[in-house]
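> got a structure for you, letters missing:
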């Protein structure tokens with residue numbers, strides 16, 4: 001009888017233990033499931049915040065690109081640093097910075113690159129992206145002409161202006177009383193002269209070079225003492241018969257408010273003449289050509305008269321008793337000590353005049369001429385365009401068309 005009563009007790013205890021174990025397992029599984037759901041929700045929120053931060057960072061860069069594209073004065077209106085600080089966008093926030101990696105100054109040069117950095121955030125997520133922009137540099141349109149004037153272009157009665165390889169152009173009126181042999185562009189026409197090619201009227205208005213061109217070259221030039229007449233002179237990268245040679249062949253003559261005449265000389269470099277409102281005459285025989293292909297050959301602040309007899313005369317060493325290719329000023333790679341050579345009587349390269357320009361006798365220029373005043377052709381003059389000037393423009397005679405992204409620079413960055 002006692003054994004029969006004890007058997008149910010042992011069976012009930014086992015069932016109770018199984019129930020407790022099962023309940024504990026179910027509880028553990030439930031708590032684990034709740035923890036997993038919480039972790040999953042936290043991971044989802046973090047992924048969402050990261051995506052939002054990334055979108056804000058990219059949007060910051062896109063805002064910067066849009067601002068650079070639409071605002072031509074962005075270099076002066078924006079600081080070198082933060083452009084937008086912690087601005088809200090959707091559920092996140094963004095910050096945009098623009099910096100000049102060259103010298104830390106955005107406003108000093110249009111030719112420096114720009115680094116845009118966009119930072120986006122939401123919650124504890126933070127994303128940072130960066131891109132580098134570089135300027136797209138184009139030659140000034142004036143370099144695509146034989147001659148471009150901002151004022152009146154006049155060909156006197158029975159005189160002839162020949163343009164080879166490119167048009168002569170003016171941003172004003174073309175008054176042709178003689179013959180213009182070649183293409184021409186003008187805003188209006190006057191005179192009863194002859195055109196061998198029908199002119200383009202109105203032609204495109206071609207912007208003049210920036211005001212800083214002359215000061216920049218003057219700052220770097222070596223001064224040459226002024227004399228009213230400069231004759232039988234050689235200037236080159238290693239030769240200056242008037243003083244100290246300049247390694248770039250870059251020389252400055254300040255006339256101190258006086259007139260100046262240059263003749264029977266060779267300039268193998270770049271000559272700058274400061275003679276505001278005064279007369280500068282290039283006379284008789286002259287051979288000018290730049291030493292550096294990225295420099296102009298002649299810059300004149302004043303009224304320039306070019307009157308060599310290019311058709312009938314050459315620059316002769318024997319006639320002038322001068323050696324024009326000494327050491328430091330080679331011609332076609334050759335120097336010597338004799339006085340038996342002859343040189344072309346012409347100007348090669350870019351000529352830039354801040355004032356008026358008169359072409360007389362049979363002056364010949366191979367390159368391009370820019371005149372920020374009126375131009376008068378008073379004899380039979382020839383202008384031959386050099387396409388190399390627009391293919392590889394001299395320093396200062398370019399402009400920034402736009403900023404473009406440097407390939408491979410759009411990337412995530414980490415502090």
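Nice, I can see it. Nothing here was measured: the structure is a model prediction, and the numbers come from that model. Numbering: from 1, shown residues only.

> residues near residue 229, how many?
11 (other C-beta atoms under 10 Å). Bear in mind the C-beta positions are built from the backbone N, C-alpha and C, glycine included.

> run me through the strand neighbours of the longest strand seen in the chain, direction for each.
For the chain, the longest strand by residue count, based on DSSP state E, is strand 270-289. Pairing partners of strand 270-289, with direction, according to DSSP bridges: strand 250-254 (parallel), strand 260-268 (parallel), strand 298-308 (parallel), strand 346-354 (parallel).

> list the buried residues of that strand.
Of the residues in strand 270-289, those with enough neighbours to count as buried (16 or more other C-beta atoms under 10 Å) are 270-275, 278-289.

> so what are the domain limits for the chain?
55-139+400-412, 141-396 (automatic domain parsing).

> would you convert the ones you listed into TSV that also reports distance to residue 36 and mean pLDDT?
Listed next are these as TSV, based on distance: least, C-beta to C-beta, whole Å; pLDDT from 0 to 100:
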stretch	distance to residue 36	mean pLDDT
domain 55-139+400-412	21	94
domain 141-396	67	96
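
> residues in contact with the closest residue to residue 74 other than its chain neighbours?
Residue nearest to residue 74 in three dimensions, not counting chain neighbours: residue 68, with 5.3 Å by C-beta to C-beta, 6 or more residues apart in numbering. By C-beta atoms under 8 Å, 6 or more residues apart in numbering, the contact set of residue 68 is 74, 114, 133, 403.

> may I ask which of those has the most neighbours?
For those, the largest neighbour count, defined by other C-beta under 10 Å, is 23 neighbours, found at residue 114.

> ok, for that residue, nearest residue in space, not its chain neighbours?
Among residues not flanking residue 114 along the chain, residue 133 sits closest, at 4.5 Å (C-beta to C-beta, 6+ apart).

> check whether the one you found really touches residue 117, as I assumed.
No - between residue 133 and residue 117 there is no contact under C-beta atoms under 8 Å: 11.8 Å.

> for the nearest residue to residue 229 once chain neighbours are set aside, what are its contacts?
Setting aside the residues directly before and after it, residue 229 is nearest to residue 261 in space (C-beta to C-beta, 6+ apart), at 5.1 Å. Taking C-beta under 8 Å, 6+ apart, we find residue 261 in contact with 228-230, 280-281, 283.

> tell me the one among those nearest to residue 392.
The shortest approach to residue 392 among these belongs to residue 280, at 27.4 Å (C-beta to C-beta).

> ranking the domains of the chain by burial, who's on top?
Of all these, domain 141-396 has the most neighbours on average by mean count of other C-beta atoms under 10 Å, namely a mean of 19.

> would you mind measuring the gap between the ends of it?
13 Å (C-alpha to C-alpha, to the nearest Å).
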